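A.B. asks: I'd like to go over a predicted model; first the sequence, then the structure.
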Amino acid sequence: QVQLVESGGGLVQPGGSLRLSCAVSGLTFSRHGLAWFRQAPEKEREFVATINYRGDDTDYGASVKGRFTVSRDNAKNMMYLQMTGLEPEDSAVYYCAAMVGTWISATASMYDYWGQGTQVTVSS
């Protein structure tokens, strides 16, 4: 049974930082491309970041490029999202996802497994 569990969300002031984690089990972690998506109330799901199976290829959504960094630790079956310069517009539920393939993708339908999400709220 494949499980993805996000953690690290919370309330942060504008300009602050947070680090999200995604713990993955039930699959051969190092063989899967991964991604972060987010969804705010009454908005469509939005691509945030993706990383390939080796961690040497990444891509970011335009709204987070230069502020967020995705990484992975294949020895620990973990993916991370370091978020800096947070803005109120970054408030959303953040989801991690895993695909059957090894590559990167910004398309949600490419991902087969999803976590339950962690809430990030940016507010003063």
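C.D. replies: Cool, got the structure.
A.B. asks: What count of nearby residues applies to Cys22?
C.D. replies: 26 (other Cβ atoms under 10 Å). Quick note: C-beta positions are derived from backbone N, CA and C, even for glycine.
A.B. asks: hey, what's the residue nearest to it when sequence neighbours are not counted bridged with?
C.D. replies: Counting by Cβ to Cβ, 6 or more residues apart in numbering, the nearest residue to Cys22 once its immediate chain neighbours are dropped is Cys96, at 3.4 Å. Assessed by DSSP bridges, Cys96 has beta-bridge partners Trp36.
A.B. asks: what residues are up against the most centrally placed residue in the chain?
C.D. replies: Nearest residue to the geometric centre of the chain (Cα atoms, centre = their mean): Trp36, 2.4 Å. By Cβ atoms under 8 Å, 6 or more residues apart in numbering, the residues touching Trp36 are Leu20, Cys22, Val48, Ala49, Thr50, Val70, Met79, Leu81, Tyr94, Tyr95, Cys96, Ala97.
A.B. asks: Looking at it now. What's its pLDDT?
C.D. replies: The model reports Trp36 with a pLDDT of 98.
A.B. asks: What residue, apart from its backbone neighbours, is nearest Val100 spatially?
C.D. replies: Counting by Cβ to Cβ, 6+ apart, the residue nearest Val100 is Asp112, at 5.3 Å.
A.B. asks: Look at the one you found and say how many residues are nearby.
C.D. replies: Residues near Asp112, counting by other Cβ under 10 Å: 13.
A.B. asks: Read off the pLDDT value for Val120.
C.D. replies: 98.
A.B. asks: Show me which of the contacts of Trp36 is closest to Ala106.
C.D. replies: Relative to Ala106, the closest of the contacts of Trp36 is Thr50; by Cβ to Cβ it sits at 6.1 Å.
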